[in-house]
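After the sequence you'll find the predicted model.
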Amino acid sequence: MPVMPEEAKVESKEGLIAFARYWYELVNYGYETGDVEPVRAVSGPDCTDCNRYFDVVQRGYRDEDWMAGAMIDFRSVHSDYVLTPDGLYQVLIQFTQEPIEFFGPEGAEYGVDPGSDAPVVQILEARFQDEKWVVAQLSSM
């Protein structure tokens, strides 16, 4: 289970970037274990792509099913730390992702999501509320 770095608890550019890295570490933890609750605890209820992630992992670990792969590998993280009109700060994250393999009982293979060898860029939008960062939205570019 990833531990939130102290820097990620600070309302600053460095804190936001540290939080974004931590959030994706939690995502990897969820892929590996099926436990999405740590990600849910630092994500807003209206985050569409967050909710899609929760659905994929929960379906991947339903009953005796399980997943392998899916690990996200950071390439770069950047923020200008400018407040948007919606009161959010944005972070650009570039990463690649391993293929996601889906398995079931007795060696059943359900298929593979190809992941991404080519770098993907996402915008993570967060706000600092109640003394912590929370992901409000996540969008792929």
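Ah, there it is. Computed from a prediction, not measured in an experiment: that's the story for all the values here. Numbering: from 1, shown residues only.

Which of the helices and strands in this protein ranks last by mean pLDDT?
Using mean pLDDT, DSSP states H and E, strand 109-113 stands out as the lowest-scoring helix or strand of the chain, at a mean of 92.

and after that one, which helix or strand comes next?
Remark: after strand 109-113, the chain's next helix or strand is strand 116-129, criterion DSSP states H and E.

partners of that next one in the sheet?
Applying DSSP bridges, strand 116-129 is found paired with strand 89-97 (antiparallel), strand 132-140 (antiparallel).

what's next to it, contact-wise?
For strand 116-129, the external contacting residues (CB atoms under 8 Å, 6 or more residues apart in numbering) are 11, 15-16, 19-20, 23, 49, 75, 84, 86-97, 133-141. To be clear about C-beta, it is placed using only N, CA and C from the backbone, and glycine gets the same treatment.

in that strand, what counts as buried?
By 16 or more other CB atoms under 10 Å, the buried positions in strand 116-129 come out as Val120, Gln122, Ile123, Leu124, Glu125, Ala126, Arg127, Phe128.

Can you tell me which helices and strands the least confident helix or strand of the chain packs against?
Counting by 3 or more CB pairs under 8 Å, 6 or more residues apart in numbering; DSSP states H and E, the packing neighbours recorded for strand 109-113 are strand 100-103.

Stretch 30-42: which residues count as buried?
For stretch 30-42, by 16+ other CB under 10 Å, it's Gly30, Tyr31, Val36, Pro38, Val39, Arg40, Val42.

export it as PDB, just CAs?
Provided in PDB are the C-alpha atoms of stretch 30-42 (Å, rounded to 0.1, in the frame of the first residue of the first chain):
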ATOM      1  CA  GLY A  30      -5.700  -1.100  -7.100                       C
ATOM      2  CA  TYR A  31      -4.800  -2.900 -10.300                       C
ATOM      3  CA  GLU A  32      -2.500  -5.200  -8.400                       C
ATOM      4  CA  THR A  33      -4.800  -5.900  -5.500                       C
ATOM      5  CA  GLY A  34      -8.400  -5.100  -6.500                       C
ATOM      6  CA  ASP A  35      -8.700  -2.600  -3.700                       C
ATOM      7  CA  VAL A  36      -9.900   0.700  -5.100                       C
ATOM      8  CA  GLU A  37     -10.900   2.200  -1.800                       C
ATOM      9  CA  PRO A  38      -7.600   4.200  -1.300                       C
ATOM     10  CA  VAL A  39      -8.100   5.800  -4.700                       C
ATOM     11  CA  ARG A  40     -11.800   6.500  -4.000                       C
ATOM     12  CA  ALA A  41     -10.800   8.200  -0.700                       C
ATOM     13  CA  VAL A  42      -8.900  10.900  -2.600                       C
END
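
Many thanks, we can stop here.
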